[in-house]
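Student: What would the 3D arrangement of this be:
(2 chains)
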Amino acid sequence: MISVRGSYDQCRQLETQLGHYFPWGFINGNLHPYATEGAKTVAFEITEQLGWQFLDVIVCPAASGILSHSRSGPNLARVHSVCKRLHPMKIASSPCNYGAWEATVDAGGFIADPCDVLDAMSSDGYDATDLGSYGYFGTGDQLRKRLAARNLELAGGYQDLPFADPSELAAALPSLERLLDLFDQVASGQALRPVPTLADSGSDSRRAVAGSTFRRPDNGWRARQWNAAVVGVERAADLCRERGYEPAFHHHAGTSIETAAEIDRLLDLTDVGLCLDVGHLAAIGDDPLDALEAWGERITHVHIKDVRLDAARAIVAAGRPTIAFWEEQVFCPLGEGGIDLAGVRRGLTRLGYDAWIVLEQDTTTLNQGDVDAATVDQGTNLAFWKQLPA
Amino acid sequence: MNGYALRGRVCEEPVTEPVNSCLRCDGPTDVAYDWYVLRGTLTRAQTEADPHSVWRYAALLPGAAQLDFGAGWTPLVHTERLSELLGLELLLNLESSNPTHSFKDQLATVAAQAAHEHGISTLCCSSTGNLGDAVAAAAAAAGLDAIILTPRQSATAQVEPAHPELE
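Tutor: Alright, predicted model coming up:
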């Protein structure tokens, strides 16, 4: 043993310098990957002694303890069927924040470079991204490598389906299978699995009037459609579960699951979790804090937005189409709108929510300058969310 | 031991020898496993039949299950009174029952075995206590030399240096 007159950091510095001269094995250098593998067995032992169940919470008062757990969970989940998730809340971004979403990608005009977008998310410190429009970030091996190279995971993928029409649904289900195939190819090693976020496909009549059941109660699903939709949602959920993914239902402007009353009814009639999108809820006049209170543990996935409430209210009051939310840019940088995001964060903590948080600020980008501005916003949004007291 | 390989984390290409960072991509290196094979061969029953040590999980570790100085398989104990007091089921995993009294024994076991397999004869680390103890023990068990760098402030009750101070 050699006592070094200096700090631990200076010991590490000396260690690195010794490495230039001697062919030794350094626990924190060339042998580090092996040491990490050894450390993970701590969590293997705990998991095995509990009959191969993951714990709800692990308190780990050891300097490198996190290593043992971040390696072991994914390992066990891969070879054994271990049931509980292990990771704390993880924060994801989404390509819609950079102007790339279904409509803009399909339109074929200017679109932000997918690798630039991933680079920006990674350097901002996001843990993951939502898939966005299928294929935008690439698929298969290309996507897997793009994410791995930037240390990003996949938080979920949006899939709208015509739930209330059995024959249309049958024709559309292969697109859900395609999404799950992509999850398998890209995210098989993730401890916190990507979430298929299911949504109703909506209709022209719903999209024509934002929050329309407030003004036109007859614009919602009839009993017959509800019955079909419940069966449809169960069918899609079964498909996800058979493949090892737990779906969450995304209420969304312009669809038949849009208002708090409709969400209530869906949650009553099915067993799927809810993808709570505080932006979509607040935009049509419902309260995200009430939502946390009412739907509690049914909330299994969360999209965080902020909303210029006055602008949103004006759109709903005037009976304008849902697209006006995007045209008028009601989704603003976090902290600049009217949603009590501090309250939302406290509410999630109180619920013990420990899954994905997707930070969103849907926008449209017409040129690289717009993308650069959106990139700045996304860095600020992450910083804003992180500084909120848990 | 099943098929494993060192890989560059960024390029995902194989790395043959332990290195500080991948010579191709400059990224850190990771141990990668053949999940396809493991899924087909590794079972709970087989794991549960294996020895009560780090190497119980040999299929999910790099290296041969040879170096064993008693690290691992530490007990998980239920805390009756604390659990009652806190209103939850609190379990403690007693890593202190490892040979040098910390979970660093597990990682030192796997690292020393890897060093042995790659013809490395000296282990080195910086430590204020636990890691140094574990690495010294693992090196002794593997017949390797150990060099532990410790900041002077730590060299009190916890550790006693065998060499004069360096500056």
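
Student: use CA for all of it now, contacts and neighbours both
Tutor: OK.

Student: Regarding residue B:102, what is its secondary structure?
Tutor: coil (DSSP: H, G, I helix; E, B strand; the rest coil).

Student: residues near it, how many?
Tutor: The burial count assigned to residue B:102 is 20, neighbours taken as other CA atoms under 10 Å in any protein chain shown.

Student: Quickly note the distance from it to chain A.
Tutor: According to CA to the nearest CA, to the nearest Å, residue B:102 and chain A sit 9 Å apart.

Student: Correct me if wrong: that residue contacts residue B:93.
Tutor: No - with contact defined as CA atoms under 8 Å, residue B:102 does not count as touching residue B:93 (10.9 Å).

Student: which residues do these two both contact?
Tutor: With contacts defined as CA atoms under 8 Å, 6 or more residues apart in numbering or on different chains, no residue is shared by residue B:102 and residue B:93.

Student: in chain B, which spans are strands?
Tutor: Under the criterion DSSP state E, strands of chain B are mapped to B:4-8, B:14-15, B:29-33, B:76-78, B:91-93, B:122-126, B:145-151, B:163-166.

Student: again with the stretch 251-390 of chain A
Tutor: Using DSSP state E, counting those that start in this stretch, the strands of the stretch 251-390 of chain A run over A:273-277, A:299-304, A:306-307, A:331-332, A:356-359.

Student: closest to chain B out of those strands?
Tutor: strand A:299-304 (22.7 Å; CA to the nearest CA).

Student: Quickly run through the sheet partners of that closest one, with directions.
Tutor: Sheet pairing here is set by DSSP bridges, and for strand A:299-304 it gives strand A:273-277 (parallel), strand A:356-359 (parallel).

Student: which residue packs closest to the residue most central in space within chain B, ignoring adjacent ones?
Tutor: In chain B, the centroid-proximal residue (CA atoms, centre = their mean) is residue B:107; its distance is 0.7 Å. Closest residue to residue B:107 apart from its sequence neighbours, by CA to CA, 6 or more residues apart in numbering or on different chains: residue A:38 at 3.9 Å.

Student: Tell me, how many residues neighbour the one you found?
Tutor: Neighbour count of residue A:38, defined by other CA under 10 Å: 32.

Student: Confirm it sits in a strand?
Tutor: No - assigned with three-state DSSP, residue A:38 falls outside any strand and is helix.

Student: residues contacting it?
Tutor: Residue A:38 makes contact with A:68, B:54, B:61, B:106, B:107, B:108, B:109, B:110, B:111, according to CA under 8 Å, 6+ apart.

Student: Spit out the contact partners of the fourth one.
Tutor: Shown here is residue B:106, whose contacts under the criterion CA under 8 Å, 6+ apart are A:35, A:38, A:39, A:41, A:42, B:54, B:71, B:72.

Student: Of these, which is the nearest to residue A:173?
Tutor: residue A:41 (40.6 Å; CA to CA).

Student: And that closest one, which helix or strand is it part of?
Tutor: helix A:32-49 (DSSP states H and E).

Student: which parts of that helix are buried?
Tutor: Residues of helix A:32-49 classed as buried: A:32-47 (neighbour count, 16 or more other CA atoms under 10 Å in any protein chain shown).

Student: same deal with stretch B:132-143?
Tutor: By neighbour count on 16+ other CA under 10 Å, the buried set for stretch B:132-143 is B:132, B:133, B:134, B:135, B:136, B:137, B:138, B:139, B:142.

Student: Next one: the first one relative to chain A, how far apart?
Tutor: Relative to chain A, residue B:132 is positioned 8 Å away (CA to the nearest CA).

Student: Tell me who's in contact with that residue.
Tutor: Going by CA under 8 Å, 6+ apart, residue B:132 touches B:125, B:126, B:148.

Student: Mind checking which of these are buried?
Tutor: Here, 16+ other CA under 10 Å leaves B:125, B:126, B:148 buried among the contacts of residue B:132.

Student: what about residue A:348, neighbour count?
Tutor: 21.

Student: and if you look at the one 5 residues further on?
Tutor: The number of residues packed near residue A:353 is 19, by other CA under 10 Å.

Student: So it is in contact with residue A:57, correct?
Tutor: No - counting by CA under 8 Å, residue A:353 sits too far from residue A:57 to count as a contact (11.8 Å).

Student: Where does chain B get nearest to chain A, which residue?
Tutor: Chain A sits closest to residue B:107 of chain B, with a gap of 3.9 Å, by CA to the nearest CA.

Student: Now for whichever residue of the stretch 201-350 of chain A sits closest to chain B: which residues touch it?
Tutor: In the stretch 201-350 of chain A, the residue that lies nearest chain B is residue A:244 (15.1 Å; CA to the nearest CA). Residue A:244 makes no contacts at all, as judged by CA under 8 Å, 6+ apart.

Student: Tell me the predicted confidence for it.
Tutor: Looking at residue A:244, its pLDDT is 91.

Student: Could you tell me which ranges of chain A sit under the pLDDT cut-off?
Tutor: Chain A contains residues with pLDDT under 70 at A:56, A:60-88, A:213-217.

Student: max-length helix in it?
Tutor: The longest helix of chain A (DSSP state H) is helix A:166-187.

Student: next structured bit after it?
Tutor: Next in sequence after helix A:166-187, counting helices and strands by DSSP H and E, comes strand A:195-200.

Student: Which elements pack onto that next one?
Tutor: With contacts taken as 3 or more CA pairs under 8 Å, 6 or more residues apart in numbering or on different chains; DSSP states H and E, strand A:195-200 sits against strand A:153-161, strand A:248-250.

Student: contacting residues around that strand?
Tutor: If you take CA under 8 Å, 6+ apart as the criterion, strand A:195-200 is touched by A:155-163, A:179-180, A:240, A:245-252, A:255-257, A:275, A:301.

Student: Distance from the chain centre to that strand, please.
Tutor: How far strand A:195-200 lies from its chain's middle: 11 Å, per CA atoms, centre = their mean, to the nearest Å.

Student: Strand A:273-277 and that one, what's the angle between them?
Tutor: 80 degrees (axes from the mean of the first three to the mean of the last three CA atoms, to 10 degrees).

Student: Distance of residue A:48 relative to residue B:150?
Tutor: Distance of residue A:48 to residue B:150, computed by CA to CA, to the nearest Å: 35 Å.

Student: Touching, residue B:131 and residue B:101? I think so.
Tutor: No - applying CA under 8 Å, one finds residue B:131 not in contact with residue B:101, separated by 10.3 Å.

Student: Which residue of the two possesses the greater neighbour count?
Tutor: residue B:131 (21 against 15).

Student: List the residues that contact the more buried one.
Tutor: Residue B:131 touches B:104, B:105, B:108, B:125, counting by CA under 8 Å, 6+ apart.
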